[in-house]
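Enquirer: Fold the following, please.
(one chain, ligands or ions: 2)
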Amino acid sequence: MLTHIELFINEMRELFLPDEVYVMDGTQEEAEKLVSLAEKSVVDEKVVLKKLNGQEYPNSYYHRSNPNDVARTEHLTFVCTPTKEEAGPNNNWLDPIEAKNKMNSIFKVAMKGRTMYVIPFIMGTPKSKYAKNCVQITDSVYVALSMRVMSRVGKQAIERIGTSSGFFRGIHSMGDINPDRRFIMHFPQENLVMSFGSGYGGNALLGKKCYSLRIGSYLGYKEGWLAEHMIIIGVQAPNGKITYLLGAFPSACGKTNLAMLEPVLKGYKVWTLGDDIAWINIGEEGQLYAINPEAGFFGVAPGTGIKTNPIMMETLKNDKFFPTLFTNTAVDNSNNTPWWEGLTDDEIPSDLTDWQGRKYDKNSGQPAAHPNSRFTVSIYNCPTLSPEYDNPKGVPISGIIFGGRRKSTIPLVYEAKDWNSGVFTASIIGSETTAAASGQVGTVRRDPMAMLPFCGYNMGDYFQHWLNIGKKAKKLPKIFMVNWFRKDDDGKFMWPGFRDNSRIIKWIIDRIECKVDAAECEIGLLPKIDSLDLTGLDIDKEVLEKLLKIDKNDWKKEIEMIEEFYAKFGDKIPKELKDYLLELKNKVAL
Ligand code: SAT
Ligand code: MN
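Expert: Numbers count the residues shown, from 1 in each chain. Ligands and ions are numbered 1, 2, ... in the order given. Model (predicted):
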């Protein structure tokens, strides 16, 4: 009898009619073989991978994508639930039968002349009961190699699946990389994603946003856990005690930098467990435990440098894992290394090839690397990787930090009074758009829990699910909101940010340990200035007061925006959250 994996492979072979089928075993030898194949393959008129300078960047290869395929395409991403209401106003919706017919017709014969790669993989550490089994099909060797970095690919996944049919199925083909025929379709009820026409991370590495967040959040809703867009860190205090925290931030808020923070405070150290996704379960003693389902970082290159994130630079230069990929950065021809804006403070190298393969002209006014150019690197390369990263139980979570980029209104940090008001706080996250995101620069976009593009079901139900987790768990983490980006009247940042953010992390830990008092205000609990560790920081008391000030007029405007946002979800917004909003409205009206 054929196993369900074999049946799936046969079905895919008949649909796609590839010239060859290759099942990945996950070994280093295999990766070397696929890399050398990619060095000889031309896709979309470009060699798929080019070797970079191995002395500077060990195991590193360069990839250039089609210029039309450089980011997630949210308008072409669908959640195909039986009813539109289940997907909610936060998702594009298509009827599942219609969506499948559409995809099956564009998939037909799409791999003729190509190899079909079968990628068995596990999201999560193999011994964990929280880990999930998956199989992805793709016709891109670049995607296959990227999956090796980002997840646990190979035989162990096949063994774990055995004869069961209960694994995630991800079906991907590059097609002709035509943005008019590019679709990323999710079928949460069937544990299935179909993706066509893009090789970009979030569209094509189906274990990442598609499975670990959109499908994962739906599974969590059904099974009583949470799939979140969060970093996981362990903060070690001078006494050696490690406190595990989660952090959720919309894009362009320094999430990856926080995951690898080098605290300015003496004796503190941050251990990295994840920079993007956390799966949170109710574990021992009713406490929340988190695992990072991923095995690598798919990070934005521009802005990553020795000053902003030295740990990531070390990660990229580490030779532990094969391979590391750079996509759509520029290349410095003088030494065959990847280059991007913000890598160094020095002058721009004189002989650069830009991300589109052209000789770079410094005076063009354009960046040499694409603003969303990326590196794909194993988490095992990270020098601050927590020894607990592979713990099958995950790590016990004591605090959750939410944040956004706001020039006003939101104080530097505050604590929610309890779980439910924390859920409210997370549900109202807003962030100003930066040049890196599409749309108008500087407008506030609501992004609850930083999950708006990634929640695979109705966000109103998702809020209720968060409240329910609070009822089920016995020992809940404290919830905090931070805003590193407040500006003064001259438009200057008031808080130094970066490594100094460790001062706020310390306050958060002190609150978790009930070591310091806080001051109650309309929105929650604020630090008393003398309970912040400001050793070695030159900052005026007035500035700190402003950073921690609640301006009722700002909040009146904020509440109007929140009401507008909540209204989109109609009756689905839980009563608890509506009540909090009303209570807050009354408080700031006084
Ligand atoms: O590929 S990801 O979706 O993880 C990165 C992004 O575009 O946000
Ligand atoms: Mn992300």
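Enquirer: Okay, the residue lying closest to Gln236 once chain neighbours are set aside and ligand 1: tell me how far apart.
Expert: Leaving aside its sequence neighbours, Gln236 sits nearest to Lys269 (C-beta to C-beta, 6 or more residues apart in numbering; 4.3 Å). (Each C-beta comes from the backbone N, C-alpha and C, glycine too.) From Lys269 over to ligand 1 the distance is 27 Å, taken as C-beta to the nearest ligand atom, to the nearest Å.
Enquirer: Kindly list the main-chain dihedrals of Lys269?
Expert: Torsion angles at Lys269 (phi, psi; degrees, to the nearest 10) stand at phi -150, psi 140.
Enquirer: And the residue of the chain found nearest ligand 1, how close does it get to Phe107?
Expert: At 2.4 Å from ligand 1, Gly202 is the closest residue in the chain, using C-beta to the nearest ligand atom. Look at Gly202 and Phe107: by C-beta to C-beta, to the nearest Å, they are 20 Å apart.
Enquirer: ok, the residue of the chain closest to ligand 1 touching Lys208?
Expert: Yes. Assessed by C-beta atoms under 8 Å, Gly202 is found in contact with Lys208 at 6.2 Å.
Enquirer: if you count what's nearby, which of those two comes out ahead?
Expert: Lys208 (25 against 21; other C-beta atoms under 10 Å).
Enquirer: That one: what's it in contact with?
Expert: Met150, Gly201, Gly202, Asp276, Ile277, Glu294, Phe298 (C-beta atoms under 8 Å, 6 or more residues apart in numbering).
Enquirer: who in the stretch 251-400 of the chain is up against ligand 1?
Expert: Within the stretch 251-400 of the chain, the positions near ligand 1 by C-beta under 6 Å from any ligand atom are Phe298.
Enquirer: quick one, helices of the stretch 251-400 of the chain?
Expert: 255-259, 310-316 (DSSP state H, counting those that start in this stretch).
Enquirer: Kindly report the same for the stretch 1-150 of the chain.
Expert: 4-16, 28-40, 84-87, 96-107, 141-150.
Enquirer: who does the second one touch, helix- and strand-wise?
Expert: It stands for helix 28-40. Judged by 3 or more C-beta pairs under 8 Å, 6 or more residues apart in numbering; DSSP states H and E, helix 28-40 is in contact with strand 60-63, helix 141-150.
Enquirer: Report all helices and strands that the longest one contacts.
Expert: In this structure, helix 141-150 makes packing contacts with helix 28-40, strand 115-123, strand 132-138, helix 201-204, strand 296-300, strand 324-327, strand 374-378, judged by 3+ C-beta pairs under 8 Å, 6+ apart.
Enquirer: Turn these into TSV, columns for mean pLDDT.
Expert: As requested, these are exported to TSV (pLDDT from 0 to 100):
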stretch	mean pLDDT
helix 28-40	98
strand 115-123	98
strand 132-138	98
helix 201-204	98
strand 296-300	97
strand 324-327	98
strand 374-378	98
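Enquirer: got JSON lines for the helices of the stretch 1-150 of the chain, with distance to Glu284 and mean neighbour count too?
Expert: Formatted as JSON lines, the helices of the stretch 1-150 of the chain follow (distance: least, C-beta to C-beta, whole Å; neighbours: other C-beta atoms under 10 Å):
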{"stretch": "helix 4-16", "distance to Glu284": "33", "mean neighbour count": "16"}
{"stretch": "helix 28-40", "distance to Glu284": "36", "mean neighbour count": "15"}
{"stretch": "helix 84-87", "distance to Glu284": "33", "mean neighbour count": "18"}
{"stretch": "helix 96-107", "distance to Glu284": "38", "mean neighbour count": "16"}
{"stretch": "helix 141-150", "distance to Glu284": "29", "mean neighbour count": "26"}
